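In: Any chance you could fold what I've pasted below:
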Amino acid sequence: MRHLLTLPLLLLYSATAAQTTCDSLRIDSVWYAPFGDGLQISLFNESMQFLSGPTLDLIDAQGDTLVHGILEFFGIFQGPSVHQLQFTPQPETPYTGTVVVNYSDGNGEMHCDLALSGVDLCPPSGCLPAEVFAYQQGGNPVPMELVWSVTDAGNNTVNNGVLQMDSTGFGFLTTGVCLLPGTYTLHMEQPEPAGTSIHVGMTQAGFAYTDGVIVQLTVGGSVDLPFDYYRNCVDGAQGIAQQQVELPTLIVDGQSLRITSGTNLPLGKLLLLDAMGRVVQRSNNTTNSAILDISGCAGGSYILRPSHPGHWPAQRLILP
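Out: Residues are numbered from 1 along each chain as shown. Okay, here's the model as predicted:
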């Protein structure tokens with residue numbers, strides 16, 4: 001009799017544990033992936049139970065499986081987690097279906113079915129946080145400056161700045177931007193050669209490499225990386241998030257270049273680059289104006305860049 005009672009008791013315990021776990025899982029958002037195809041699903045585990053080896057499946061309203069997810073993490077801890085499901089073709093929005101969370105615990109393989117009904121797969125309107133990143137691969141990090149800009153489909157600069165890396169830390173840098181859904185290009189250049197293997201790209205806020213775009217930057221060179229950001233959510237009402245910035249005033253006066261800030265703020269660090277992208281002048285300014293000696297500069301095209309992210313777009317000038 002004791003053996004006959006063991007199996008039902010175990011089954012009851014297993015079903016109760018699974019139900020408790022599923023009741024503690026919620027979906028915070030299901031959106032199109034910010035880069036590429038597929039969906040990005042944000043889960044929240046309200047319990048303290050560790051869900052080992054999780055994978056996510058997506059089932060449509062007709063019961064057809066659109067994608068079987070792959071293992072992204074060793075487990076889901078208490079709190080939020082973001083998961084990527086890469087697949088084509090893209091589902092239409094609003095979406096109705098089921099997210100199946102597969103995991104294992106001490107009772108074996110388990111799953112939770114989380115229903116979706118009429119979910120808008122596009123995030124709320126307005127600009128959405130993203131991150132520009134760079135990292136050095138192999139060896140110890142070395143000091144370097146990387147000048148970057150993000151331009152829209154009309155070649156308008158929507159954000160720019162300089163990533164400054166030193167020899168401490170893990171050799172990676174990020175800086176935040178805010179972009180509307182659309183088509184963009186990340187431009188990255190290294191005015192002065194340093195390091196060995198440098199990778200740059202765009203990712204979502206939170207620096208999650210599970211979804212993003214990346215390219216290798218040649219030491220001392222430049223690279224352009226086109227990318228789409230929430231491309232399935234672009235509509236005619238959404239333009240490009242233009243930054244309202246006050247540009248500096250540039251005046252060539254004989255052998256001097258006079259620069260005056262358009263915001264009355266300190267100019268900070270400035271770089272003057274020649275047509276080949278080489279630094280010909282550096283200036284660190286604590287006031288809203290500066291004078292650069294250009295007596296040693298040959299005639300031609302030059303670019304003046306601020307070394308402080310987000311100050312103003314790079315300015316092109318012609319020296320006689």
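
In: can you list the weak-confidence ranges in the stretch 1-150 of the chain?
Out: Along the stretch 1-150 of the chain, segments meeting pLDDT under 70 span 1-19, 73, 139.

In: Stretch 105-112: how far from the chain's middle?
Out: Taking CA atoms, centre = their mean, to the nearest Å, the mean C-alpha location of stretch 105-112 is offset from the chain mean by 34 Å.

In: likewise stretch 74-86?
Out: Stretch 74-86 has its C-alpha centroid displaced from the chain centroid by 17 Å (CA atoms, centre = their mean).

In: could you dump it to PDB, C-alpha only?
Out: In PDB, the C-alpha atoms belonging to stretch 74-86 read as follows (Å, rounded to 0.1, in the frame of the first residue of the first chain):
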ATOM      1  CA  PHE A  74      22.000  28.900 -17.800                       C
ATOM      2  CA  GLY A  75      18.800  29.800 -15.900                       C
ATOM      3  CA  ILE A  76      16.200  32.400 -15.000                       C
ATOM      4  CA  PHE A  77      16.700  34.000 -11.600                       C
ATOM      5  CA  GLN A  78      14.300  36.100  -9.700                       C
ATOM      6  CA  GLY A  79      13.600  39.300 -11.500                       C
ATOM      7  CA  PRO A  80      13.600  40.400 -15.100                       C
ATOM      8  CA  SER A  81      15.200  38.600 -18.100                       C
ATOM      9  CA  VAL A  82      15.200  39.400 -21.800                       C
ATOM     10  CA  HIS A  83      15.000  36.700 -24.500                       C
ATOM     11  CA  GLN A  84      15.400  36.800 -28.300                       C
ATOM     12  CA  LEU A  85      13.500  34.600 -30.700                       C
ATOM     13  CA  GLN A  86      15.000  34.900 -34.200                       C
END
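
In: For it, which residues meet the burial criterion?
Out: 75-76, 81-85 (16 or more other CB atoms under 10 Å). Where C-beta positions appear, they are placed from N, C-alpha and C, glycine not excepted.
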